[in-house]
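**Q** Sequence isn't available, so here's the structure alone:
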């Protein structure tokens, strides 16, 4: 099978940031998947599951209500590895072009008094939320983004180097 693009990222070198994971064409339109990485994979503790769930609800609600972006948002959801989120938007923008949107989204968590949709009717696991830890993670990431605004590395994926044989075979470390 062909290796999927997200496995070509060097997870030993990635830092928190906003990265383009992939750009697809769907029905003639560009759709971009962004990797919103909050934690260094395999080096930092992952995000608490209940806090991750709360961040998913709060930020998805924020993004789908932002007057400038709501029509561009296709998806916001957690990574299985619990180190960040995926954001899928219509169009093909550089990660730096969605910096303010994400900074504002994470800052909005501070003002949340409740987790939107955290009821048995609206959520498949409504008891698994932690608003206070979500606020902590959101503030940590927003502070990091602000401190690194001028650091190009928070917008550029570190790609894994792959050995390619003379006949075109690629070797992977995983």
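**A** Sure, I can see it. Model, not experiment: these values are computed from the prediction.

**Q** C-alpha only now, for contacts and for neighbours.
**A** Fine.

**Q** Just give the closest residue to residue 128, not the sequence neighbours.
**A** residue 50 (5.1 Å; C-alpha to C-alpha, 6 or more residues apart in numbering).

**Q** Show the pLDDT at that neighbour.
**A** pLDDT, residue 50: 98.

**Q** Determine the set of other helices and strands touching the helix or strand where it lies.
**A** Using DSSP states H and E, residue 50 maps to helix 49-63. The contact analysis (3 or more C-alpha pairs under 8 Å, 6 or more residues apart in numbering; DSSP states H and E) places helix 49-63 against strand 73-78, helix 99-108, helix 131-147.

**Q** Try it again at 10 Å.
**A** The elements that helix 49-63 packs onto, with contact taken as 3 or more C-alpha pairs under 10 Å, 6 or more residues apart in numbering; DSSP states H and E, are strand 73-78, strand 84-90, helix 99-108, helix 131-147.

**Q** Which elements pack onto the third one?
**A** Think helix 99-108. Helix 99-108 packs on strand 17-26, helix 49-63, helix 131-147, going by 3+ C-alpha pairs under 10 Å, 6+ apart.

**Q** After the first one, which helix or strand is next? Please name it.
**A** Pointing back at strand 17-26 there. Scanning onward from strand 17-26 (DSSP H and E), the first element met is strand 29-37.

**Q** okay, now residue 121: neighbour count?
**A** 9 (other C-alpha atoms under 10 Å).

**Q** pLDDT weak spots in the protein?
**A** Where the chain drops to pLDDT under 70, the residues are 5-6, 159-174.

**Q** swap the cut-off to 80 and go again
**A** 1-9, 159-174 (pLDDT under 80).

**Q** Deepest-packed of the helices and strands packed on helix 49-63, please.
**A** Most buried of the helices and strands packed on helix 49-63 by mean neighbour count (mean count of other C-alpha atoms under 10 Å) is strand 84-90; its value is a mean of 21.

**Q** Show me what that one pairs with in its sheet, parallel or antiparallel.
**A** Paired neighbours of strand 84-90 in the sheet (DSSP bridges): strand 29-37 (antiparallel), strand 73-78 (antiparallel).
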